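Chemist: Generate a structure from the sequence data that follows.
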Amino acid sequence: MTERAPDQAAEGARAAFRRPDSGDGISRVRRLMELMAILTVAQLKARYRRSFLGFLWSLIMPLVQIVVIGFVFQSLLQHDIPNYTLVFLTALVPWIYFNDATLASCPVFLKFRDVVKKIAFPRWALPMSIVLSSLVHFSLSVVILFAVFAVVPVRFTAQFWWMIPLTLMLTLMLSGLALMFSVLHTYYQDVEYALTALIRMFYFVTPIMYPTEIVPEQYQYWFLFNPLAAIAEGFRSILPDYSMPAPEHLGFAAGFSVLCFIFGVLIFRRMQGQLPEVL
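Modeler: Model (predicted):
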């Protein structure tokens, strides 16, 4: 994060919350929306400041992963997975959204400490701006994914509409995690390191590099109670040879997302009061 991002956040917070308030709810909502837009744009600009390729890095890294992992799986491990590139890419896109939003939310209050200490504004807007900026990257990646589908080609069906509720489910989960981990990391700065290691391990037990069908059959049913596994397989179901996870798996993932959000809000509300002193 560059020094300019906190400056833009401070300017946005002052503009939105230091002008006269009309007192009505519509005005309050308008100011919150204005602040969220300013913070999200600041996050996006800071991420690629002084970067020649800019957003293209968000596409290059997944492509490198596809080449490397595709070579390992198909050439070295000799797994015969039809259309492996598409199988991997459709699950990788939501995983990158999860990974980026979760880890980027951890240090957000430390990076914006001057804004938090000097200006009164809804502090939850900072971790939520991380989720929204990651959602922008995710949306652009989905556009690229659809372009790949058009070239391959993959026939567009009604199954594609499932991406909308799956994305909402994942966004709700990430909102709770961002609220929780952002405030916890401010108090205990080991959180980001522990979370990074945990997510890396979790990557291998979530069907990103491989479809669930290669897991031993007796474990497949229980394997999909991993909420991210159900979401990844849900995205993969837009491919012709894959079906949507069972209702109980999707229901569990949806319930987990709601619990994450509720738990994140409760922890954030309990711990946010002392943020200026801790910072």
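Chemist: Please identify the buried residues of the host helix or strand of Ser27?
Modeler: Under the criterion of DSSP states H and E, Ser27 resides in helix 25-47. Of the residues in helix 25-47, those scored as buried under the neighbour-count criterion (16 or more other C-beta atoms under 10 Å) are 31-32, 35-36, 38-44, 46-47. (Glycine included, C-beta is placed from N, CA and C.)
Chemist: And stretch 177-188, by the same measure?
Modeler: For stretch 177-188, burial by neighbour count (16+ other C-beta under 10 Å) applies to 177-186.
Chemist: what does stretch 186-204 give?
Modeler: Neighbour counts using 16+ other C-beta under 10 Å place 186, 191-192, 195, 199, 202 of stretch 186-204 among the buried residues.
Chemist: and if you look at stretch 166-175?
Modeler: 166-167, 169-175.
Chemist: next one: stretch 270-279
Modeler: Buried residues in stretch 270-279, defined by neighbour count with 16+ other C-beta under 10 Å: 271-272, 275.
Chemist: any chance of the buried residues of helix 25-47 in CSV, plus distance to Tyr219 and pLDDT?
Modeler: As requested, those are arranged in CSV below (distance: C-beta to C-beta, whole Å; pLDDT from 0 to 100):
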residue, distance to Tyr219, pLDDT
Arg31, 51, 76
Leu32, 45, 78
Leu35, 46, 78
Met36, 42, 79
Ile38, 47, 78
Leu39, 43, 80
Thr40, 40, 79
Val41, 44, 77
Ala42, 45, 74
Gln43, 39, 73
Leu44, 40, 71
Ala46, 43, 68
Arg47, 38, 67
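Chemist: Can you show me the helices along the stretch 151-279 of the chain?
Modeler: 163-187, 191-204, 217-223, 227-236, 247-271, 275-278 (DSSP state H, counting those that start in this stretch).
Chemist: if I pick Tyr242, what's in contact with it?
Modeler: 87, 211, 233, 236 (C-beta atoms under 8 Å, 6 or more residues apart in numbering).
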